[in-house]
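Participant: Sequence and predicted structure below; questions after.
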Amino acid sequence: MTIGDGAGVLRFPDGFGWGVATASYQIEGGVREGGRGESIWDRFAHTEGKVLGGDTGDVACDHYHRYREDVALMAELGVTHYRFSLAWPRLQPDGSGALDAAGLDFYSRLIDELLAADIVPWVTLYHWDLPQRLEDAGGWPERDTAHRFAEYAARVHEALADRVRHWTTLNEPWCAAFLGYAEGRHAPGRQDHAAAFRAAHHLLLGHGLAVRDMRANQRDSTFGITLNLYPVDPASDTEQDRDVARRIDGLMNRLFLDPLLRGGYPTDVLGDVAPVLDTSHIRADDEQIIGQPLDFLGVNYYTRHVVAAGPQPKVWSPGQPASPWVGSSDMINVKRGLPTTDMGWEVDPAGLHEVLTRLHREYGPIPLHVTENGAAYPDEPDSAGQVRDPDRVRYLEQHFRIAHQAIADGIDLRGYFVWTLLDNFEWAWGYTKRFGLVHVDYPTQRRTPKDSARWFARAARNNGFEVRERNEDH
Ligand code: FCB
């Protein structure tokens, strides 16, 4: 695809959100501060062999104690919107009942600090740190967890909606359900396909119940959800490859988009998973609850999947650990030789355009926000103490150009949150992957803005940036 027709300045619409995103367990630390209860990520990270190097979020970026410094940093970087998540077990240590005063006070102080710095707080209620007590009672595969989530959401909304306008229920329910309950690569580390599908449904149901209950207490709030979305292309035009692409697109994208925005699950996907899915947990009114009207959709975009039929036949059964999506034995995830980030993810900015266009065409009209996009590279300070990260600068330039193009194409894209403000705890990879605009030296907790932070700051201040190449092909 050819973007733009020459050098010049790409300006974004007035009010465009120049944001950064983080998540509670990845940056906060302070896991025993206040009345905070244990989360599934505390338990998982402290289980031997689950996280690279035995890393945990016990201290992370110590943001719990350094949030003032971090908000000041954001202000310096020209950040207009800050997407962060609330740790459920900090607010409800056991996953139900009254909110913990110390936990609420922490978020309340953070929000005040943001507002004083003229930064819009963009709250995510669930970014994967389920109270361990709820997992002990069965976790997301149990319907009651959806009700617990709605209760938590309503209480927190009641407490903070006077200062927080934008509410995201869940971050990436696909990851929470499938990486957590089928692959076991994320907390709680279970390997059970049937449990993962039940989890996906109850996450969506929890979202719907939460939006319904929070909206009943409206107060000028906007409600949405964040999904990780990908274009999924067949590697060839054979019927087998096209069917694998249909199935993977179904599991990763449509299983979530369709009930949220079209009122029901895609029937082909339900057919695909029939061998492992006893659908009796999907009750008559559930799809209607899940399909609550939304004020925005958050899109996390990192890469594209190109898939081909694999050598093994499709065999899924309850309790079987192999994954029924990217990486399963009956399919191949084809690499195209594009540059990759430190995660091994191919850099494919055009894929973002495809995702946004598809949403606009097939699921619109709905205001969109890119709620995560960014890249890990192994950045370290040079001898002068500077962190040079030209790969990330280029990555951001390419993806923000796509965002600009999407807006020019008439897509209602209102903001863009870079993943992420600070290098942080990258889940099963521990501290080995650095996604931050700002470098963190973990032993000293020193923060050093990278070159990409300066690029971002300039772009945010100018509400746009200069395009350096002419007629770049992506
Ligand atoms: C997303 C997660 C986020 C971060 C990025 C790299 O899937 O939402 O927490 O780990 O990936």
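Facilitator: Nice, I can see it.
Participant: hang on, W429 in a helix?
Facilitator: Yes. With DSSP: H, G, I helix; E, B strand; the rest coil as the criterion, W429 is part of a helix.
Participant: mind listing what the nearest residue to it once chain neighbours are set aside touches?
Facilitator: Once flanking residues are discounted, W429 sits nearest to L52: 5.4 Å by Cβ to Cβ, 6 or more residues apart in numbering. Yep, even glycine has a C-beta here, placed from its N, CA and C like the rest. By Cβ atoms under 8 Å, 6 or more residues apart in numbering, the contact list for L52 reads 428-430, 432.
Participant: And the pLDDT at the nearest residue to E33 once chain neighbours are set aside?
Facilitator: Nearest residue to E33, sequence neighbours excluded (Cβ to Cβ, 6+ apart): Y64, at 5.9 Å. Note for Y64: predicted pLDDT of 99.
Participant: quick revisit: could you report the distance from the residue nearest to W429 to G430?
Facilitator: As judged by Cβ to Cβ, to the nearest Å, L52 and G430 stand 4 Å apart.
Participant: ok now stretch 359-374, how far from the chain's centre?
Facilitator: In this view, stretch 359-374 has its centroid 13 Å away from the chain centroid, taken as Cα atoms, centre = their mean, to the nearest Å.
Participant: What residues sit buried inside it?
Facilitator: Buried residues in stretch 359-374, counted by 16 or more other Cβ atoms under 10 Å: 359-360, 363-364, 366-374.
Participant: go on, stretch 131-149?
Facilitator: Within stretch 131-149, the residues scored as buried using 16+ other Cβ under 10 Å are 131-135, 139-143, 145-149.
Participant: one step back: how about the residue nearest to E33, secondary structure?
Facilitator: helix.
Participant: ok, it to L338 distance?
Facilitator: Y64 sits 38 Å away from L338, going by Cβ to Cβ.
Participant: so who does the residue nearest to E33 touch?
Facilitator: By Cβ under 8 Å, 6+ apart, Y64 lies in contact with 28-30, 33, 106.
Participant: count of residues packed around G385?
Facilitator: Using other Cβ atoms under 10 Å, G385 has 9 other residues around it.
Participant: do the one 5 residues further on as well
Facilitator: Number of residues near P390 (other Cβ under 10 Å) recorded here: 11.
Participant: I'd say it and K450 touch.
Facilitator: No. Between P390 and K450 there is no contact under Cβ atoms under 8 Å: 10.0 Å.
Participant: what about L257, helix or strand, and which?
Facilitator: helix 255-261 (DSSP states H and E).
Participant: Report all helices and strands that the helix ranked longest in the chain contacts.
Facilitator: Ranked by residue count, the top helix of the chain under DSSP state H comes out as helix 193-215. In terms of contacts (3 or more Cβ pairs under 8 Å, 6 or more residues apart in numbering; DSSP states H and E), helix 193-215 is packed against helix 143-160, strand 166-171, helix 173-174, strand 222-228, helix 255-261, helix 286-290.
Participant: Compute the inter-axis angle for that helix and strand 166-171.
Facilitator: Here helix 193-215 points in a direction 170 degrees away from that of strand 166-171 (axes from the mean of the first three to the mean of the last three Cα atoms, to 10 degrees).
Participant: Get me the contact residues on the stretch 1-150 of the chain for the ligand.
Facilitator: Residues of the stretch 1-150 of the chain lying close to the ligand (Cβ under 6 Å from any ligand atom) are 23, 26.
Participant: How about the contacts made by the residue of the stretch 1-150 of the chain found nearest the ligand?
Facilitator: When scored by Cβ to the nearest ligand atom, the stretch 1-150 of the chain has A23 as its residue closest to the ligand, at 4.7 Å. Going by Cβ under 8 Å, 6+ apart, A23 touches 84-85, 124, 127-128, 171.
Participant: Please narrow the residues you listed to those residing in strands.
Facilitator: Using DSSP state E to define strands, the subset of the contacts of A23 located there is 84-85, 124, 171.
Participant: which among the residues you listed gets closest to L229?
Facilitator: Using Cβ to Cβ, N171 comes nearest to L229 of the ones in strands among the contacts of A23, at 12.7 Å.
Participant: Setting the sequence-adjacent residues aside, check what's closest to that closest one.
Facilitator: In space, and not counting its chain neighbours, N171 is closest to H127: 4.2 Å by Cβ to Cβ, 6+ apart.
Participant: swap in D112?
Facilitator: With sequence-adjacent residues excluded and distances taken as Cβ to Cβ, 6+ apart, D112 is closest to R163, at 7.3 Å.
Participant: neighbours of the one you found, just the number please.
Facilitator: Other residues near R163 come to 13 when the count uses other Cβ under 10 Å.
Participant: okay but it is in contact with I111, surely?
Facilitator: Yes. If you go by Cβ under 8 Å, R163 and I111 touch, sitting 5.1 Å apart.
Participant: Now list whatever residues contact both of those two.
Facilitator: P121.
Participant: about what we covered before: format the contacts of Y64 as CSV; extra columns: secondary structure and neighbour count.
Facilitator: Output for the contacts of Y64, formatted as CSV (DSSP: H, G, I helix; E, B strand; the rest coil; neighbours: other Cβ atoms under 10 Å):
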residue, secondary structure, neighbour count
E28, coil, 30
G29, coil, 21
G30, coil, 20
E33, coil, 14
F106, helix, 22
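Participant: between those residues, which is nearest W41?
Facilitator: Scanning the contacts of Y64 for proximity to W41, where the rule is Cβ to Cβ, the winner is E28, at 11.0 Å.
Participant: residues in contact with the closest one?
Facilitator: Each residue near E28 by Cβ under 8 Å, 6+ apart is listed here: 57, 60-61, 63-64, 87, 90.
Participant: farthest-separated two in the residues you listed?
Facilitator: By the measure Cβ to Cβ, C61 and R90 form the most distant pair in the contacts of E28, at 15.6 Å.
Participant: Make sure S383 is indeed in a strand.
Facilitator: No. S383: not assigned to a strand; according to three-state DSSP it is coil.
Participant: list the contacts for L203?
Facilitator: Here L203 is in contact with 140, 146, 170, 173, 176-177 (Cβ under 8 Å, 6+ apart).
Participant: how does it look with 7 Å?
Facilitator: By Cβ atoms under 7 Å, 6 or more residues apart in numbering, the residues touching L203 are 140, 170, 173, 176-177.
Participant: For those residues, could you give me JSON lines that also reports pLDDT?
Facilitator: As requested, the contacts of L203 are exported to JSON lines (pLDDT from 0 to 100):
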{"residue": "W140", "pLDDT": "98"}
{"residue": "L170", "pLDDT": "99"}
{"residue": "P173", "pLDDT": "98"}
{"residue": "A176", "pLDDT": "98"}
{"residue": "A177", "pLDDT": "96"}
